[in-house]
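J.: here is a sequence with its predicted model. Questions after.
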Amino acid sequence: MRREEEISLVRKAKEGDTAAFAVLIHRYQNLVYATAFRILKDTGLAEDVAQEAFVTAYRSLRDLRTEGSFPPWLRKIARNLALASRKEQRRFGALEEAGVLQSPPSDVGPEAEREQREIDAFGEEVRRVVSSLSDALRFPVMLCHIDDLSTRDAARFLGITEGALRKRLHDGKKKLQERIVRMAEKSFQVYRLPPDFAKRCICGCRRAEAVKTGKEVTGWPRR
């Protein structure tokens, strides 16, 4: 999208054109979400903040004097909202630690538990990927990279030449890399916004506009 086209969309959105604003949402939703996620480290909170950022931007568009500065202006809104959300989460956590909010005792915090579950799940998936290799490739990888044997000792153990072992290691590592990359791509689906994200943002924008004009509205769109 050229800069002139973007400026035109911002001007139309200023006039209440939600279809034009939807195009802007599609263009910047992943960047806004990434901005929030870098601060919050939580997919759910980041998605909520991203949606709130677009609704806030839509409501404040008339305050934007220079249409060409929409991207950094939007990023600043998202960043400020994410920082405010993080501050609120920390305040909530401090209340829990002080005993103001009752919660069951735990030796390990929820964040540490979540990270440990992710580590365990990733390790299990890696072991599954290694097990999927053929015996000819799996044994060299296990001996040299897990049992830490030298290529000479591993070759002697398998009854093959060291050159053959190095070739199998190369092939095994290549297959592992391909499969682990695919595994990572599948895991990253968790961090992608849902297909209806822009639609929910537009619903929020329309609701905000209706509240301002005194029209009757229904429920707030959420995840």
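T.: The structure has been received and is ready for your questions. Residues are numbered from 1 along each chain as shown.

J.: which residues touch the residue lying closest to R168 once chain neighbours are set aside?
T.: Closest residue to R168 apart from its sequence neighbours, by Cβ to Cβ, 6 or more residues apart in numbering: P140 at 4.5 Å. Bear in mind the C-beta positions are built from the backbone N, C-alpha and C, glycine included. Contacts for P140 were tallied using Cβ atoms under 8 Å, 6 or more residues apart in numbering; they are A154, L158, L165, R168, L169, G172.

J.: report pLDDT for the last one.
T.: Read that as G172. pLDDT, the model's per-residue confidence, is 89 for G172.

J.: low-confidence stretches in the chain?
T.: For the chain, the stretches with pLDDT under 70 are 1, 92-112, 114-115, 118-119, 122-123, 147, 183-191, 214-223.

J.: okay, helices next: where are they in it?
T.: 3-14, 18-40, 43-60, 70-98, 110-131, 135-141, 151-158, 162-188, 197-213 (DSSP state H).

J.: list the buried ones in the third one?
T.: Meaning helix 43-60. 43, 45-58 (16 or more other Cβ atoms under 10 Å).

J.: can you check the second one too?
T.: Residues of helix 18-40 classed as buried: 18, 20-25, 28-29, 32-33, 35-37, 39-40 (neighbour count, 16+ other Cβ under 10 Å).

J.: walk me through the domains of the chain.
T.: 3-102+193-213, 115-189 (automatic domain parsing).

J.: buried deepest among these, which one?
T.: Among the domains of the chain, ranked by average contacts under mean count of other Cβ atoms under 10 Å, first place goes to domain 3-102+193-213 (a mean of 16).

J.: now the end-to-end length of that domain.
T.: End-to-end distance for domain 3-102+193-213: 32 Å, by Cα to Cα, to the nearest Å.

J.: and the contacts of P140, which is closest to A78?
T.: Closest to A78 out of the contacts of P140 is G172 (43.5 Å), distances taken as Cβ to Cβ.

J.: how about the closest one, nearest residue that isn't a chain neighbour?
T.: Excluding the flanking residues, the one nearest G172 by Cβ to Cβ, 6+ apart is L137, at 3.7 Å.

J.: report the contact partners of that neighbour.
T.: Contacts of L137 by Cβ under 8 Å, 6+ apart are R168, D171, G172, K175.

J.: the first one contacts R138, doesn't it?
T.: No: the pair R168 and R138 fails to qualify as a contact (Cβ atoms under 8 Å) at a distance of 9.4 Å.

J.: isn't A57 up against P72?
T.: No: counting by Cβ under 8 Å, P72 is not a contact partner of A57; they are 11.8 Å apart.
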